[in-house]
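>>> Any chance you can model this:
(one chain, ligands or ions: 1)
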Amino acid sequence: MSISQIARSISASATLRLNQTAALLREKGEPVIHLGGGEPKSKAPIDALVAGAALLNSGEVRYAPADGTRDMKRAIIRYTEEWYGRRVEPENVIASSGAKQAIMVCLQAILNPQEEVIFPAPYWVSYPEMVKLCGGHPVPVFAEDGTFYPRLQDIEEKVGSYTKAVMINCPNNPTGAMYSEQFMADIVEFCEKRGLWLIVDDIYHRLLFDGRKPINCYKYAKDFSDNSRLVLVNGVSKAYAMTGFRIGWAIGNKQLLEAMCNIQGHQTSGPSVMLQHAAVAAINGVQSGVESLRMTLENNRNVMVEALRAFDGVKISPPDGAFYCFPDFSAYQKDSTKLAQFLLDRVRVVTVPGKEFGLDGHLRLSTCGTIKDITEGIERIKWALDPNSPNELYLGDRKLVRDWT
Ligand SMILES: Cc1ncc(COP(=O)(O)O)c(C=O)c1O
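Alright, predicted model coming up:
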(Lines give C-alpha, C1' and ligand atoms only; values in the text may rest on other atoms or scores of the structure.)
Protein backbone atom coordinates (compact mmCIF):
# COMPACT_ATOMS: atom_id res chain seq x y z
CA MET A 1 0.00 0.00 0.00
CA SER A 2 1.37 3.39 -0.88
CA ILE A 3 0.57 6.13 1.62
CA SER A 4 1.46 9.74 0.78
CA GLN A 5 4.54 11.40 2.24
CA ILE A 6 2.37 13.95 4.01
CA ALA A 7 0.19 11.27 5.58
CA ARG A 8 3.28 9.42 6.76
CA SER A 9 4.65 12.57 8.39
CA ILE A 10 1.55 13.01 10.56
CA SER A 11 1.19 11.40 13.98
CA ALA A 12 -2.10 10.36 15.55
CA SER A 13 -3.63 12.89 17.93
CA ALA A 14 -2.25 11.80 21.33
CA THR A 15 -5.20 13.21 23.19
CA LEU A 16 -7.81 11.45 21.03
CA ARG A 17 -5.82 8.19 21.32
CA LEU A 18 -5.76 8.51 25.11
CA ASN A 19 -9.51 9.13 25.23
CA GLN A 20 -9.98 5.84 23.39
CA THR A 21 -7.61 3.97 25.73
CA ALA A 22 -9.41 5.34 28.78
CA ALA A 23 -12.83 4.42 27.32
CA LEU A 24 -11.66 0.85 26.57
CA LEU A 25 -10.26 0.38 30.08
CA ARG A 26 -13.44 1.76 31.63
CA GLU A 27 -15.53 -0.63 29.53
CA LYS A 28 -13.51 -3.45 31.07
CA GLY A 29 -14.43 -2.14 34.52
CA GLU A 30 -10.97 -0.70 35.31
CA PRO A 31 -10.99 2.14 37.90
CA VAL A 32 -9.55 4.72 35.51
CA ILE A 33 -9.09 8.39 36.44
CA HIS A 34 -8.91 10.47 33.29
CA LEU A 35 -6.68 13.51 33.76
CA GLY A 36 -5.95 13.60 30.04
CA GLY A 37 -9.11 15.17 28.63
CA GLY A 38 -9.61 18.59 27.15
CA GLU A 39 -13.35 19.05 27.59
CA PRO A 40 -15.60 20.34 30.35
CA LYS A 41 -17.84 17.88 32.15
CA SER A 42 -20.76 20.35 32.32
CA LYS A 43 -23.71 19.99 29.97
CA ALA A 44 -24.14 22.11 26.84
CA PRO A 45 -26.42 25.15 27.40
CA ILE A 46 -30.12 24.30 27.42
CA ASP A 47 -30.73 27.00 24.76
CA ALA A 48 -28.43 25.09 22.42
CA LEU A 49 -30.09 21.74 23.09
CA VAL A 50 -33.60 23.07 22.56
CA ALA A 51 -32.68 24.91 19.35
CA GLY A 52 -30.78 21.97 17.87
CA ALA A 53 -33.59 19.54 18.72
CA ALA A 54 -36.23 21.88 17.27
CA LEU A 55 -34.47 22.06 13.92
CA LEU A 56 -34.01 18.31 13.88
CA ASN A 57 -37.69 17.77 14.65
CA SER A 58 -38.68 20.04 11.79
CA GLY A 59 -37.11 17.58 9.37
CA GLU A 60 -35.84 20.56 7.33
CA VAL A 61 -32.12 19.99 7.69
CA ARG A 62 -30.59 21.01 4.35
CA TYR A 63 -27.42 22.20 2.70
CA ALA A 64 -26.46 25.75 3.65
CA PRO A 65 -23.77 28.21 2.52
CA ALA A 66 -20.33 26.62 2.92
CA ASP A 67 -19.07 29.45 5.13
CA GLY A 68 -21.97 29.30 7.59
CA THR A 69 -25.68 30.06 7.84
CA ARG A 70 -26.86 33.67 7.96
CA ASP A 71 -27.88 33.31 11.59
CA MET A 72 -24.55 31.78 12.52
CA LYS A 73 -22.66 34.64 10.89
CA ARG A 74 -24.91 37.17 12.62
CA ALA A 75 -24.21 35.51 15.97
CA ILE A 76 -20.44 35.53 15.32
CA ILE A 77 -20.58 39.19 14.28
CA ARG A 78 -22.47 40.07 17.46
CA TYR A 79 -20.05 38.05 19.59
CA THR A 80 -17.10 39.83 17.99
CA GLU A 81 -18.66 43.20 18.67
CA GLU A 82 -19.38 42.28 22.28
CA TRP A 83 -16.02 40.71 23.11
CA TYR A 84 -13.64 42.57 20.79
CA GLY A 85 -15.48 45.85 20.17
CA ARG A 86 -15.07 45.33 16.45
CA ARG A 87 -17.80 45.38 13.81
CA VAL A 88 -17.12 42.96 10.95
CA GLU A 89 -19.06 42.14 7.79
CA PRO A 90 -20.49 38.71 6.90
CA GLU A 91 -17.76 38.49 4.23
CA ASN A 92 -15.13 38.62 7.00
CA VAL A 93 -16.55 35.56 8.74
CA ILE A 94 -16.48 31.80 8.24
CA ALA A 95 -18.08 29.14 10.46
CA SER A 96 -16.26 25.80 10.42
CA SER A 97 -16.45 22.36 11.98
CA GLY A 98 -14.66 23.47 15.12
CA ALA A 99 -11.90 26.00 15.69
CA LYS A 100 -9.65 23.18 14.51
CA GLN A 101 -11.07 23.23 11.00
CA ALA A 102 -11.08 27.05 10.95
CA ILE A 103 -7.31 27.01 11.64
CA MET A 104 -6.70 24.20 9.16
CA VAL A 105 -8.59 25.92 6.34
CA CYS A 106 -6.83 29.19 7.12
CA LEU A 107 -3.43 27.50 6.87
CA GLN A 108 -4.45 25.85 3.60
CA ALA A 109 -5.44 29.25 2.27
CA ILE A 110 -2.18 31.02 3.14
CA LEU A 111 0.67 28.48 3.04
CA ASN A 112 2.80 27.48 0.07
CA PRO A 113 5.04 24.40 0.31
CA GLN A 114 8.07 24.91 2.60
CA GLU A 115 6.72 28.06 4.19
CA GLU A 116 7.05 28.32 7.95
CA VAL A 117 4.61 28.95 10.77
CA ILE A 118 6.03 30.06 14.12
CA PHE A 119 4.26 29.38 17.41
CA PRO A 120 5.25 29.41 21.10
CA ALA A 121 6.14 26.07 22.68
CA PRO A 122 4.79 24.13 24.48
CA TYR A 123 2.03 24.16 21.86
CA TRP A 124 -1.30 22.50 21.16
CA VAL A 125 -0.58 19.03 19.66
CA SER A 126 -2.37 19.79 16.40
CA TYR A 127 -0.42 22.92 15.38
CA PRO A 128 2.67 21.17 13.93
CA GLU A 129 0.62 18.47 12.25
CA MET A 130 -1.76 21.00 10.65
CA VAL A 131 1.16 22.97 9.26
CA LYS A 132 2.72 19.77 7.91
CA LEU A 133 -0.60 18.75 6.33
CA CYS A 134 -0.39 21.97 4.30
CA GLY A 135 3.17 21.16 3.17
CA GLY A 136 4.62 23.80 5.50
CA HIS A 137 7.22 23.69 8.28
CA PRO A 138 6.22 24.16 11.91
CA VAL A 139 8.66 26.30 13.91
CA PRO A 140 8.09 26.03 17.67
CA VAL A 141 9.68 28.72 19.84
CA PHE A 142 10.68 28.29 23.48
CA ALA A 143 11.02 31.25 25.82
CA GLU A 144 14.72 31.86 26.35
CA ASP A 145 14.26 32.22 30.10
CA GLY A 146 12.79 28.70 30.39
CA THR A 147 9.30 29.95 31.38
CA PHE A 148 6.07 29.42 29.46
CA TYR A 149 5.99 33.14 28.55
CA PRO A 150 7.94 33.94 25.38
CA ARG A 151 9.07 37.46 24.53
CA LEU A 152 8.82 39.08 21.13
CA GLN A 153 12.61 38.63 20.72
CA ASP A 154 12.21 34.84 21.05
CA ILE A 155 9.77 34.87 18.11
CA GLU A 156 11.71 37.49 16.14
CA GLU A 157 14.87 35.38 16.18
CA LYS A 158 13.08 32.57 14.32
CA VAL A 159 11.70 34.77 11.55
CA GLY A 160 13.37 34.17 8.19
CA SER A 161 12.62 34.44 4.49
CA TYR A 162 10.27 31.42 4.63
CA THR A 163 8.21 32.68 7.57
CA LYS A 164 4.59 33.13 6.56
CA ALA A 165 2.66 33.23 9.80
CA VAL A 166 2.75 33.36 13.57
CA MET A 167 0.16 31.49 15.62
CA ILE A 168 -0.68 32.51 19.19
CA ASN A 169 -2.91 30.64 21.61
CA CYS A 170 -3.64 32.39 24.89
CA PRO A 171 -4.41 31.16 27.48
CA ASN A 172 -2.29 28.34 26.22
CA ASN A 173 -2.95 24.66 25.84
CA PRO A 174 -1.08 22.85 27.53
CA THR A 175 0.43 25.32 30.04
CA GLY A 176 -2.55 27.56 30.88
CA ALA A 177 -0.18 30.53 30.46
CA MET A 178 -1.77 33.83 29.56
CA TYR A 179 0.66 36.10 27.79
CA SER A 180 0.93 39.74 28.78
CA GLU A 181 -0.91 42.61 27.07
CA GLN A 182 2.52 43.93 26.14
CA PHE A 183 3.49 40.68 24.42
CA MET A 184 0.26 40.68 22.44
CA ALA A 185 0.68 44.35 21.51
CA ASP A 186 4.27 43.66 20.39
CA ILE A 187 3.35 40.64 18.32
CA VAL A 188 0.45 42.38 16.55
CA GLU A 189 2.67 45.36 15.72
CA PHE A 190 5.57 43.13 14.65
CA CYS A 191 3.42 40.99 12.31
CA GLU A 192 1.83 44.07 10.75
CA LYS A 193 5.23 45.64 10.13
CA ARG A 194 6.73 42.47 8.67
CA GLY A 195 3.66 41.56 6.59
CA LEU A 196 3.22 38.24 8.41
CA TRP A 197 -0.11 36.53 9.01
CA LEU A 198 -1.02 36.43 12.68
CA ILE A 199 -3.48 33.71 13.68
CA VAL A 200 -4.86 34.34 17.16
CA ASP A 201 -6.45 31.20 18.60
CA ASP A 202 -8.78 32.54 21.28
CA ILE A 203 -10.63 29.29 22.03
CA TYR A 204 -10.04 29.66 25.81
CA HIS A 205 -10.28 33.48 25.98
CA ARG A 206 -13.13 33.60 28.54
CA LEU A 207 -11.72 30.89 30.81
CA LEU A 208 -9.32 33.03 32.85
CA PHE A 209 -8.45 33.03 36.55
CA ASP A 210 -7.53 35.46 39.32
CA GLY A 211 -9.55 38.31 37.83
CA ARG A 212 -7.69 38.34 34.49
CA LYS A 213 -9.52 39.82 31.51
CA PRO A 214 -9.32 38.50 27.92
CA ILE A 215 -6.77 40.22 25.68
CA ASN A 216 -8.28 41.82 22.61
CA CYS A 217 -5.80 41.50 19.72
CA TYR A 218 -7.68 44.13 17.68
CA LYS A 219 -6.88 46.73 20.33
CA TYR A 220 -3.29 46.73 19.06
CA ALA A 221 -3.98 46.48 15.31
CA LYS A 222 -3.52 49.54 13.09
CA ASP A 223 -4.46 47.97 9.77
CA PHE A 224 -8.19 47.34 9.48
CA SER A 225 -8.15 47.40 5.69
CA ASP A 226 -8.69 44.44 3.39
CA ASN A 227 -4.93 43.90 3.58
CA SER A 228 -5.04 43.07 7.29
CA ARG A 229 -3.33 39.76 7.98
CA LEU A 230 -4.78 39.33 11.44
CA VAL A 231 -7.00 36.22 11.71
CA LEU A 232 -9.04 35.60 14.85
CA VAL A 233 -10.20 32.06 15.64
CA ASN A 234 -12.76 31.10 18.25
CA GLY A 235 -15.62 28.65 18.81
CA VAL A 236 -18.20 27.21 21.16
CA SER A 237 -16.36 24.01 22.17
CA LYS A 238 -14.68 25.11 25.36
CA ALA A 239 -16.55 28.04 26.93
CA TYR A 240 -19.98 26.53 26.22
CA ALA A 241 -18.95 22.91 26.88
CA MET A 242 -19.98 22.03 23.30
CA THR A 243 -16.93 20.05 22.16
CA GLY A 244 -18.97 17.45 20.26
CA PHE A 245 -21.00 20.06 18.36
CA ARG A 246 -17.89 20.92 16.31
CA ILE A 247 -18.62 24.59 15.66
CA GLY A 248 -15.87 27.20 15.48
CA TRP A 249 -15.09 30.21 13.31
CA ALA A 250 -12.49 32.54 11.88
CA ILE A 251 -12.52 36.26 11.14
CA GLY A 252 -10.18 37.83 8.64
CA ASN A 253 -9.89 39.90 5.49
CA LYS A 254 -12.38 39.33 2.67
CA GLN A 255 -9.93 37.87 0.17
CA LEU A 256 -8.68 35.33 2.68
CA LEU A 257 -12.21 34.46 3.69
CA GLU A 258 -13.24 33.92 0.09
CA ALA A 259 -10.33 31.48 -0.35
CA MET A 260 -11.20 29.71 2.91
CA CYS A 261 -14.83 29.42 1.85
CA ASN A 262 -13.80 27.85 -1.48
CA ILE A 263 -11.59 25.33 0.27
CA GLN A 264 -14.16 24.45 2.91
CA GLY A 265 -16.87 24.20 0.25
CA HIS A 266 -14.96 21.39 -1.41
CA GLN A 267 -13.97 19.72 1.85
CA THR A 268 -17.23 19.53 3.80
CA SER A 269 -19.76 21.96 2.22
CA GLY A 270 -19.67 23.68 5.62
CA PRO A 271 -20.48 22.64 9.18
CA SER A 272 -23.76 20.88 10.04
CA VAL A 273 -26.70 23.33 9.97
CA MET A 274 -28.29 21.66 12.95
CA LEU A 275 -25.22 22.20 15.07
CA GLN A 276 -24.81 25.77 13.82
CA HIS A 277 -28.41 26.33 14.93
CA ALA A 278 -27.51 25.05 18.40
CA ALA A 279 -24.32 27.16 18.50
CA VAL A 280 -26.27 30.32 17.60
CA ALA A 281 -28.60 29.67 20.51
CA ALA A 282 -25.66 29.16 22.88
CA ILE A 283 -23.96 32.39 21.78
CA ASN A 284 -27.16 34.43 21.97
CA GLY A 285 -28.65 32.66 24.99
CA VAL A 286 -28.16 32.73 28.75
CA GLN A 287 -24.43 33.10 29.47
CA SER A 288 -24.30 32.09 33.14
CA GLY A 289 -22.97 28.61 32.26
CA VAL A 290 -19.71 30.13 30.99
CA GLU A 291 -19.03 31.92 34.28
CA SER A 292 -19.98 28.88 36.29
CA LEU A 293 -17.57 26.74 34.23
CA ARG A 294 -14.85 29.37 34.67
CA MET A 295 -15.32 29.37 38.46
CA THR A 296 -15.28 25.56 38.61
CA LEU A 297 -12.06 25.47 36.58
CA GLU A 298 -10.42 28.10 38.79
CA ASN A 299 -11.33 26.14 41.91
CA ASN A 300 -10.09 22.90 40.32
CA ARG A 301 -6.87 24.64 39.33
CA ASN A 302 -6.35 25.73 42.96
CA VAL A 303 -6.91 22.18 44.22
CA MET A 304 -4.58 20.67 41.63
CA VAL A 305 -1.79 23.20 42.17
CA GLU A 306 -1.97 22.69 45.93
CA ALA A 307 -1.86 18.90 45.56
CA LEU A 308 1.12 19.15 43.20
CA ARG A 309 2.96 21.55 45.52
CA ALA A 310 2.84 18.90 48.24
CA PHE A 311 4.76 16.63 45.88
CA ASP A 312 8.55 16.79 46.37
CA GLY A 313 10.48 17.20 43.13
CA VAL A 314 7.52 18.29 40.98
CA LYS A 315 7.76 21.84 39.63
CA ILE A 316 4.58 23.69 38.79
CA SER A 317 3.87 27.02 37.14
CA PRO A 318 0.25 27.80 38.15
CA PRO A 319 -1.99 28.15 35.09
CA ASP A 320 -3.64 31.54 34.43
CA GLY A 321 -6.58 30.00 32.57
CA ALA A 322 -7.91 27.13 30.38
CA PHE A 323 -8.19 23.47 31.46
CA TYR A 324 -4.69 22.30 32.15
CA CYS A 325 -1.68 22.13 34.47
CA PHE A 326 1.69 21.31 32.95
CA PRO A 327 3.95 20.22 35.82
CA ASP A 328 7.56 19.17 35.42
CA PHE A 329 8.06 15.55 36.53
CA SER A 330 11.58 15.23 35.16
CA ALA A 331 12.99 14.66 38.66
CA TYR A 332 11.18 11.31 38.52
CA GLN A 333 11.32 10.44 34.82
CA LYS A 334 12.63 12.51 31.94
CA ASP A 335 10.79 10.49 29.28
CA SER A 336 7.19 11.70 29.56
CA THR A 337 5.83 8.98 27.23
CA LYS A 338 7.26 6.29 29.51
CA LEU A 339 5.99 8.13 32.57
CA ALA A 340 2.43 8.46 31.22
CA GLN A 341 2.39 4.75 30.26
CA PHE A 342 3.75 3.79 33.70
CA LEU A 343 1.02 5.78 35.46
CA LEU A 344 -1.67 4.24 33.29
CA ASP A 345 -0.36 0.69 33.78
CA ARG A 346 0.30 0.91 37.51
CA VAL A 347 -2.35 3.21 38.94
CA ARG A 348 -4.83 3.67 36.07
CA VAL A 349 -4.40 7.45 35.78
CA VAL A 350 -4.55 8.89 32.26
CA THR A 351 -2.20 11.83 31.63
CA VAL A 352 -0.78 13.26 28.41
CA PRO A 353 3.01 13.16 27.85
CA GLY A 354 4.56 16.62 27.58
CA LYS A 355 6.53 15.40 24.57
CA GLU A 356 3.32 15.63 22.51
CA PHE A 357 3.28 19.37 23.22
CA GLY A 358 6.98 19.80 22.47
CA LEU A 359 8.38 19.58 26.02
CA ASP A 360 9.49 16.27 27.49
CA GLY A 361 9.70 15.65 31.24
CA HIS A 362 6.27 17.25 31.77
CA LEU A 363 2.75 15.84 31.91
CA ARG A 364 -0.42 17.64 30.93
CA LEU A 365 -3.03 17.14 33.64
CA SER A 366 -6.59 18.21 32.97
CA THR A 367 -8.58 20.20 35.53
CA CYS A 368 -11.89 19.37 33.82
CA GLY A 369 -12.77 16.47 36.09
CA THR A 370 -14.31 16.47 39.56
CA ILE A 371 -12.38 17.49 42.68
CA LYS A 372 -12.43 13.77 43.59
CA ASP A 373 -10.81 12.89 40.23
CA ILE A 374 -8.14 15.52 40.78
CA THR A 375 -7.25 14.72 44.39
CA GLU A 376 -7.42 10.96 43.95
CA GLY A 377 -5.57 11.12 40.61
CA ILE A 378 -2.69 13.12 42.09
CA GLU A 379 -2.65 10.88 45.19
CA ARG A 380 -2.29 7.82 42.97
CA ILE A 381 0.49 9.47 40.95
CA LYS A 382 2.29 10.41 44.16
CA TRP A 383 1.94 6.90 45.50
CA ALA A 384 3.37 5.45 42.29
CA LEU A 385 6.34 7.85 42.09
CA ASP A 386 7.33 8.75 45.63
CA PRO A 387 9.76 6.12 47.02
CA ASN A 388 8.59 7.01 50.55
CA SER A 389 5.01 5.95 49.80
CA PRO A 390 3.44 3.13 51.80
CA ASN A 391 3.77 -0.25 50.20
CA GLU A 392 0.08 -0.72 49.46
CA LEU A 393 -2.75 1.31 47.93
CA TYR A 394 -6.40 0.34 47.57
CA LEU A 395 -8.34 1.27 44.42
CA GLY A 396 -11.84 0.38 45.63
CA ASP A 397 -11.43 -3.18 46.83
CA ARG A 398 -8.39 -3.81 44.63
CA LYS A 399 -5.10 -3.89 46.50
CA LEU A 400 -2.04 -2.55 44.67
CA VAL A 401 1.41 -3.43 45.91
CA ARG A 402 4.34 -1.17 45.20
CA ASP A 403 6.81 -3.70 43.81
CA TRP A 404 8.95 -1.17 41.91
CA THR A 405 11.53 1.37 43.03
C1 LIG B 1 -5.54 25.55 21.48
C2 LIG B 1 -6.71 24.89 20.85
N3 LIG B 1 -7.19 25.41 19.70
C4 LIG B 1 -8.24 24.84 19.08
C5 LIG B 1 -8.86 23.71 19.61
C6 LIG B 1 -9.97 23.07 18.84
O7 LIG B 1 -11.21 23.47 19.22
P8 LIG B 1 -12.50 22.88 18.49
O9 LIG B 1 -13.04 21.80 19.37
O10 LIG B 1 -13.41 24.04 18.35
O11 LIG B 1 -12.07 22.35 17.16
C12 LIG B 1 -8.38 23.15 20.81
C13 LIG B 1 -8.98 21.94 21.34
O14 LIG B 1 -8.44 21.22 22.15
C15 LIG B 1 -7.29 23.77 21.45
O16 LIG B 1 -6.81 23.29 22.60
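
>>> which bits of the stretch 201-350 of the chain sit near the ligand?
Asp201, Ile203, Gly235, Ser237, Thr243, Gly248 (Cβ under 6 Å from any ligand atom). Yep, even glycine has a C-beta here, placed from its N, CA and C like the rest.

>>> List the contacts of the closest residue to the ligand within the stretch 51-200 of the chain.
Using Cβ to the nearest ligand atom, Gly98 is the residue of the stretch 51-200 of the chain that sits closest to the ligand, at 2.6 Å. Contact analysis of Gly98 by Cβ atoms under 8 Å, 6 or more residues apart in numbering lists Gly235, Ser237, Arg246, Ile247, Gly248.

>>> got it, and Ile118?
Val139, Pro140, Val141, Ile155, Lys158, Val159, Thr163, Ala165, Val166, Met167.

>>> For it, what are phi and psi?
Per-residue torsions, Ile118: phi -100, psi 140 (degrees, to the nearest 10).

>>> Okay, and the beta partners of it?
Judged by DSSP bridges, the bridge partners of Ile118 are Val139, Val166.

>>> what about it, distance to Tyr218?
For Ile118, the distance to Tyr218 (Cβ to Cβ, to the nearest Å) stands at 21 Å.

>>> swap in Thr175?
Separation of Thr175 from Tyr218 (Cβ to Cβ) stands at 24 Å.

>>> More neighbours: which of those two?
More neighbours surround Thr175 than the other of Thr175 and Tyr218, with 27 against 18 (other Cβ atoms under 10 Å).

>>> burial measure for the closest residue to the ligand within the stretch 301-405 of the chain, as a count.
Nearest residue of the stretch 301-405 of the chain to the ligand: Ala322, at 7.7 Å (Cβ to the nearest ligand atom). Around Ala322 there are 29 other residues, counting by other Cβ under 10 Å.

>>> which one is the spatially most central residue of the chain nearest to, not counting chain neighbours?
Centroid-nearest residue in the chain, with Cα atoms, centre = their mean: Asn173, separated by 5.0 Å. Excluding its sequence neighbours, the residue lying closest to Asn173 (Cβ to Cβ, 6 or more residues apart in numbering) is Trp124, at 4.6 Å.

>>> Can you classify the one you found as helix, strand or coil?
Applying DSSP: H, G, I helix; E, B strand; the rest coil to Trp124 yields a three-state assignment of coil.

>>> tell me the pLDDT at it?
For Trp124, the pLDDT comes out at 96.

>>> burial count for it?
Trp124: 23 surrounding residues under other Cβ under 10 Å.

>>> now, which of the residues of the stretch 201-350 of the chain next to the ligand sits nearest Glu298?
Proximity of those to Glu298 (Cβ to Cβ) peaks at Ile203, which lies at 17.6 Å.

>>> what's the neighbour count on that closest one?
Neighbourhood size, Ile203 [other Cβ under 10 Å]: 25.

>>> tell me the SS of it?
From three-state DSSP, the assignment for Ile203 is coil.

>>> Give me the nearest residue to it, chain neighbours excluded.
Per Cβ to Cβ, 6+ apart, closest to Ile203 is Ala99, 4.8 Å.

>>> Which helix or strand contains the one you found?
helix 98-110 (DSSP states H and E).

>>> what's near enough to touch the residue nearest to the centre of the chain?
By Cβ under 8 Å, 6+ apart, the contact set of Asn173 is Gly38, Trp124, Tyr204, Ala322, Phe323, Tyr324, Phe357.

>>> in a strand, that's where it is, yeah?
No - Asn173 is assigned coil when assessed by three-state DSSP, not a strand.

>>> where does it sit relative to Asn388, distance-wise?
From Asn173 across to Asn388, the span is 33 Å (Cβ to Cβ).

>>> ok so, going back, considering the contacts of Ile118, which is situated nearest to Leu395?
Closest approach between the contacts of Ile118 and Leu395, by Cβ to Cβ: Pro140, at 37.4 Å.

>>> Give the burial count for Val129, as a bare number.
Careful, residue 129 is Glu and not Val. 16.

>>> Ser97 reaches Gln276, doesn't it?
No - here Ser97 does not reach Gln276: they are 9.9 Å apart, not a contact under Cβ atoms under 8 Å.

>>> who has more neighbours, those two?
Gln276 (28 against 22).

>>> wait, the more buried one sits on Met72?
Yes - between Gln276 and Met72 a contact is recorded at 4.3 Å, counting by Cβ under 8 Å.

>>> Give the residues shared as contacts by these two.
Ala95, Ile247.

>>> Any chance of the backbone angles for Asp397?
Here the main-chain torsion angles of Asp397 (degrees, to the nearest 10) amount to phi -100, psi 10.

>>> ok, now Ile76?
According to degrees, to the nearest 10, Ile76 has phi -70, psi -40.

>>> max-length helix in the chain?
Scanning the chain for the helix with the most residues, using DSSP state H, yields helix 288-309.
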